[in-house]
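Colleague: coordinates only, sequence not included:
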């Protein structure tokens, strides 16, 4: 005879081993992150070739560069929150479809005006997918591994740019710049076909929406030994309400936390894009060989990838995560200062830029699971979408500031030292976050709910 009980689905995921279904889903998220990261930076790889073929100056192609960035801002702020209404899975699939199709179409663009339009539309998908991937990974992963697994997904976004640069370096001389758009369009569409069969919706979202049978199917895929009573109901640690998702970002004492995260992500993106957009130019202006400047930039990216994964594994195992993340931002800031004074010693420059990537970019990647876990499942995609949207504003401001400093003939050392400021502000924001999160109130569970774990028995036993 079945026992009526209320099942906390998050506790179920936390108590079970990581299933084959979860591993496949998280691997797909990583793959989507890689292709999103590649497509987001693709225009930087091809602009010099487009400039030569179309007889346009690089500066005249600025609208092409900004089109996808502006589209990404709209996608993150307006489309990613739809995942809290329609589901994480459909937004990931639709977003990948949009940026895949319109990146592929860009391969046939006949002029700048058409390319600008195609890149803006592709940007809508590019903005919607990363925030939703973070929400999806946060819910699909057990709490004990959340930082590690979600940070790996975030590192995939950085890896897309890292490996994309190498791919473009071989493809453009042999096949032309249009081939890079073909690769950037075909890859997400292939993943989309695979994901239609292998990417399920998260159990948390299904529980929020009251889709009982789908929740049962999800539980069976995660933990085949969990036996749930026939009259059981499913809950999450927070209560479901009909209030606007955006307004909910400021409820229950979350207002100050939300504002701090917006500032943190804005400065994170300003600093990261300030570094990435102009680092080769800044280094060559300082007398570094062009090839060494490109390799040094790759070293910085590599540091971000490795730093993100290591920090993600670390925050899963310690209670002082905010202290660690604030400290690594400071380490990144110090490494920038060292880089400013190391341009004449290339080995030292490589090490300093690797540490810069580890501290600034890696910590930013690790912030994704930490920040996502601060919000309940029903508004998680909205929260991630908005603080990533603010970050994308920084992705416009960072390159603009770098270009302005170069136009004003600032020395390479001065530009390096100015880039310390965003990292320091990020460190301060993490400290503030550790303070303001203490005032966030937990949302009450539904009245009368008794949260129990599901009964586990052997498959032959009935409840």
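Modeller: Perfect, I can see it now. Just so it is clear, the model here is predicted, and its values are computed rather than measured. Numbering: from 1, shown residues only.

Colleague: got a list of contacts for stretch 102-113?
Modeller: Residues outside stretch 102-113 that contact it (C-beta atoms under 8 Å, 6 or more residues apart in numbering): 39, 42, 54, 56, 60-61, 63-64, 115, 118-119, 121-122, 125, 178-179, 181-182, 184-186, 188-189. All C-beta atoms are positioned from the backbone trio N, CA, C, and that covers glycine.

Colleague: Repeat the analysis, applying 6 Å as the threshold.
Modeller: 39, 115, 118, 121, 122, 178, 181, 182, 184, 185 (C-beta atoms under 6 Å, 6 or more residues apart in numbering).

Colleague: Can you tell me, leaving aside adjacent residues, what's nearest to the first one?
Modeller: Read it as residue 39. Sequence neighbours aside, residue 184 is the residue nearest to residue 39 in space, at 4.6 Å (criterion: C-beta to C-beta, 6 or more residues apart in numbering).

Colleague: So the one you found lies in a strand, does it not?
Modeller: No. Counting by DSSP: H, G, I helix; E, B strand; the rest coil, residue 184 is located in no strand; its state is helix.

Colleague: State the distance from it to residue 103.
Modeller: Going from residue 184 to residue 103 by C-beta to C-beta, to the nearest Å gives 4 Å.

Colleague: and for the two, which residues touch both?
Modeller: residue 39.

Colleague: before we move on, back to that, quick one: the residue nearest to residue 39 and residue 42 touch, right?
Modeller: Yes. With contact defined as C-beta atoms under 6 Å, residue 184 reaches residue 42; the gap is 5.0 Å.

Colleague: Where do the helices of the stretch 201-350 of the chain begin and end?
Modeller: 203-208, 212-222, 245-248, 255-285, 290-315, 321-340, 346-356 (DSSP state H, counting those that start in this stretch).

Colleague: Summarise which helices and strands the first one is packed against.
Modeller: Using 3 or more C-beta pairs under 6 Å, 6 or more residues apart in numbering; DSSP states H and E, the elements in contact with helix 203-208 are helix 9-15, helix 212-222.

Colleague: now the fifth one
Modeller: With contacts defined as 3+ C-beta pairs under 6 Å, 6+ apart, the packing partners of helix 290-315 are helix 146-175, helix 255-285, helix 346-356, helix 362-372.

Colleague: could you give the angle of it to helix 255-285?
Modeller: For helix 290-315 against helix 255-285, the angle by axes from the mean of the first three to the mean of the last three C-alpha atoms, to 10 degrees is 150 degrees.

Colleague: Check which residues of helix 290-315 are buried.
Modeller: Under the neighbour-count criterion of 16 or more other C-beta atoms under 10 Å, helix 290-315 has 293-309, 311-315 buried.

Colleague: So what's the gap between that helix and the chain middle?
Modeller: When distances are taken as C-alpha atoms, centre = their mean, to the nearest Å, helix 290-315 is centred 16 Å away from the chain's centroid.

Colleague: how much space between residue 329 and residue 404?
Modeller: 24 Å.

Colleague: and those two? which has more neighbours close in?
Modeller: Higher neighbour count among residue 329 and residue 404: residue 329, with 30 against 10, using other C-beta atoms under 10 Å.

Colleague: still on that earlier bit, burial of the residue nearest to residue 39, as a residue count?
Modeller: 30.

Colleague: Next one: it relative to residue 247, how far apart?
Modeller: For residue 184, the distance to residue 247 - C-beta to C-beta - is 37 Å.

Colleague: one step back: I'd like to know which of the helices and strands packed on helix 290-315 has the weakest mean confidence.
Modeller: Of all those, the minimum mean pLDDT falls on helix 146-175 (a mean of 77).

Colleague: which parts of that one are buried?
Modeller: Neighbour-count burial for helix 146-175 flags 146-162, 164-165, 168, 171-172 (criterion: 16+ other C-beta under 10 Å).

Colleague: So, low pLDDT: which residues of the stretch 1-150 of the chain?
Modeller: 1-5, 58-59 (pLDDT under 70).

Colleague: now swap in the stretch 301-450 of the chain and tell me
Modeller: 403, 441-450.

Colleague: Filter the contacts of stretch 102-113 down to the buried ones.
Modeller: 39, 115, 118, 121, 122, 178, 181, 182, 184, 185.
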